[in-house]
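Chemist: Here's a sequence, model it:
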Amino acid sequence: MTLEATEETFSFQTEVAQLLHLMAHSLYSNKEIFLRELISNASDAIDRLRFERFSRPELADDEPLRIHVAFDPEARTITISDNGIGMSRQEVIANIGTIAKSGTTEFLKSLSGDQRKDAALIGQFGVGFYSAFVVADKVVLTTRRAGAAAGDAVRWSSEGKGEYTLEAVELEQRGTSIVLHLREGEEELLNSYRLRSIIQRYSDHISLPIVMAPEEEGGEETTVNRASALWTRSKSELTEQDYHDYYRHIGHDFTDPLAYLHAKVEGRYEYTLLLFIPSRAPYDLWAQQSRHGVKLHVQRVFILEDTGQLLPAYLRFVRGVIDSSDLPLNVSREILQSSRAVDHIRSSAVKKVLKLLRDMADNEPEKYATFWKQFGAVLKEGVADDYSNREEIAELLRFSSTHSATQEPDVSLNAYVERMKEGQEKIYYLLAPTLSAASSSPHLEAFRKKGIEVLLLGEAVDNWVVTGLLQEFKGKALQSVAQGVPDFGDLEDEAEKQETEKAAADLAPLLTRLKESLDGKAYDVRVTNRLTTSPACIVANEADTDLNLAQRLRGSGLPNQPVLEINPRHPLVERLKEEQDDTRLADWANVLFHQAVLTLGARIDDPTAFVDRLNGLLVTLTDES
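Modeler: Next up, the predicted model:
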């Protein structure tokens, strides 16, 4: 068969061209990692072929699945090939190296200029294929999709300088072959011992055989790696480095995991878990379609990547493998969703991951602090998503509080309860748009004066965690300090209470006039004992919740009217009491109200009107003086 000339030249996207330039200038701190990346890609291609064979039996044959590595000193090339799923022409354009779908722009924005730090980002953004340009000045990829005709193969080639070419070629075998034409100075890689040592160091855990040609003519090809699934091996024969290397393979990461668990479960159902807690969040942690978590294997055959059946969404940061002997090889998503075995495996895996985190929190608090910084907001989702494990998850939560010397979220609910003052019956918290807004909020003044610890919550997820889902912890109700009348329980000072009641009676006429002036803005105006230095604050009406208040205050206007509380001991309030007939009392009322809105970290409806009122009052005060 003669193929027509179909070679076409394409230009890289600007971001890709920038990335290739960085690769060519040794962004990798360890150049030999290129081989690990290309072998990992080959392994994934074979896994995908195995999976596709279940729905397309015609793809099955007796050819052994393997990865082949070769080198040619005269041609100065290294070749990595596989007989996996291969790619069509369109797949090559769209997916090669997964770079176009992995956030190239975000990757480039994350670069700091520090080669060691920047190298660690490469795996995070899935740009492993292009690591070939660290050692090569030209890369040629030839591939044929499984099931396609020999004449439907395609060859991709590029020198990494802004362009690449595609041409139709004929290829008898399915799969992919990548030829690296080494740049000057990389001759030391053209050595059998060197390549074998790299493979054994970085890819020994690959469950497929990685073979190399014999060093002497007439010899046989030899398998370089152990070619056995790491999770099937006994824990006693594995080192921590083995686990770390495997994590880097499946997690496409360049850093070691924070922790891992390896468990073989026998009984009614038999399965093996090998799960890892990463040390940093991937860039697509919040992407709904992200599929980089746990992979399901059945009898060591890759089946699918988890999208929520094996681990719940709030544990989507977990990486690893679950291998079951009790699921059919032709398993489908429908079978997964209705399988008792999957329910049992999921429940067991969740409990083991939560125990792993609890052990880390108890025994390695610094490491857990790293975990919380990366994944705390995700774990909080479990309070809503996993009712059966809510108590265990609650114990893992960490918050900032008025007890903390810094604003770091290092306070657990257990620690809070242990520090509660005698007579304190509730766990107090404050929601705010940001942590800085919470820490400086006037709502904390009386609590600080009484030495009562308050949890400071500044993340969006906190709103629905504490207001609707985590309403108590170990018998202690959670209470917002910014909702309703202040409730100090047995810590209430009787003298202060009587003083507040007297002040409310004395200020009744002023409260009435302020409320009239704020008609349509405030549900009520009342005296409070929660303030010690600020003139006023806003709280939710008893019928509302902090969630409604915080969310609506962030928008424009106040569709659900809050309550304005005033401090009867503040000089400004005392002055207004003495001058209730002031013609500008309505302006004072609005300034008090909008100042309280601002101290909550929220926005006001009409900033211009607020500024005009404030300036007018300042001018009046200046004239009087």
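Chemist: what about the closest residue to Pro562 other than its chain neighbours, which SS state?
Modeler: If the residues on either side of it in the chain are set aside, Pro562 comes closest to Ile538, at 4.8 Å by C-beta to C-beta, 6 or more residues apart in numbering. (C-beta placed from N, C-alpha, C; glycine too.) The local conformation at Ile538, judged by DSSP: H, G, I helix; E, B strand; the rest coil, is strand.
Chemist: beta partners of Ile538?
Modeler: For Ile538, the beta-bridge partners are Leu564 (DSSP bridges).
Chemist: What about it, how many residues nearby?
Modeler: Using other C-beta atoms under 10 Å, Ile538 is surrounded by 25 other residues.
Chemist: right, and it touches Leu592 too?
Modeler: No - applying C-beta atoms under 8 Å, one finds Ile538 not in contact with Leu592, separated by 10.0 Å.
Chemist: tell me, what's touching the two both at once?
Modeler: Contact criterion C-beta atoms under 8 Å, 6 or more residues apart in numbering; residues bridging Ile538 and Leu592 by contacting each: Leu564.
Chemist: rewinding a little: list the contacts of the residue nearest to Pro562.
Modeler: The neighbourhood of Ile538, defined by C-beta under 8 Å, 6+ apart, consists of 482, 549, 553, 562-565, 593, 596-597, 600.
Chemist: Apply 10 Å and report the result again.
Modeler: By C-beta atoms under 10 Å, 6 or more residues apart in numbering, the contact set of Ile538 is 442-443, 482, 522, 549, 553, 558, 562-565, 592-600, 602.
Chemist: Can you give the domain ranges for the chain?
Modeler: 8-224, 231-370, 381-490, 496-624 (automatic domain parsing).
Chemist: got these as a markdown table, with mean pLDDT columns?
Modeler: Shown next, in a markdown table, are these (pLDDT from 0 to 100):
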| stretch | mean pLDDT |
| --- | --- |
| domain 8-224 | 81 |
| domain 231-370 | 86 |
| domain 381-490 | 86 |
| domain 496-624 | 81 |
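Chemist: what about Thr406, neighbour count?
Modeler: In terms of burial, Thr406 registers 7 neighbours under the definition other C-beta under 10 Å.
Chemist: so it touches Ser400, yeah?
Modeler: Yes - under the contact definition of C-beta atoms under 10 Å, Thr406 touches Ser400, with a separation of 8.2 Å.
Chemist: what about Lys264, distance to Arg300?
Modeler: Lys264 is 13 Å from Arg300, where distance means C-beta to C-beta, to the nearest Å.
Chemist: Overlap of the contact sets of these two?
Modeler: Between them, Lys264 and Arg300 share the neighbouring residues 231-232, 272, 323, with contact defined by C-beta under 10 Å, 6+ apart.
Chemist: Filter the residues you listed down to the ones in helices?
Modeler: By the criterion of DSSP state H, membership of the shared contacts of Lys264 and Arg300 in helices covers no residue at all.
Chemist: Would you mind writing the PyMOL command to select the buried ones in those?
Modeler: Command for PyMOL, covering only those of those found buried under the criterion 16 or more other C-beta atoms under 10 Å:
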select buried, resi 231+272+323
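Chemist: Output the shared contacts of Lys264 and Arg300 in CSV, with distance to Pro607 appended to each entry.
Modeler: Putting the shared contacts of Lys264 and Arg300 into CSV (distance: C-beta to C-beta, whole Å) gives the following:
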residue, distance to Pro607
Trp231, 59
Thr232, 65
Thr272, 61
Asp323, 60
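Chemist: Of the shared contacts of Lys264 and Arg300, which is the nearest to Glu496?
Modeler: Out of these, the one with the shortest distance to Glu496 is Thr272. That distance is 62.1 Å, counting by C-beta to C-beta.
Chemist: Please name the bridge partners of that closest one.
Modeler: Each beta-bridge partner of Thr272 is listed here: Lys264, Asp323, as defined by DSSP bridges.
Chemist: so it touches Ser234, yeah?
Modeler: No - under the criterion of C-beta under 10 Å, Thr272 makes no contact with Ser234, lying 11.4 Å away.
Chemist: Please consider this matter closed, and thank you.
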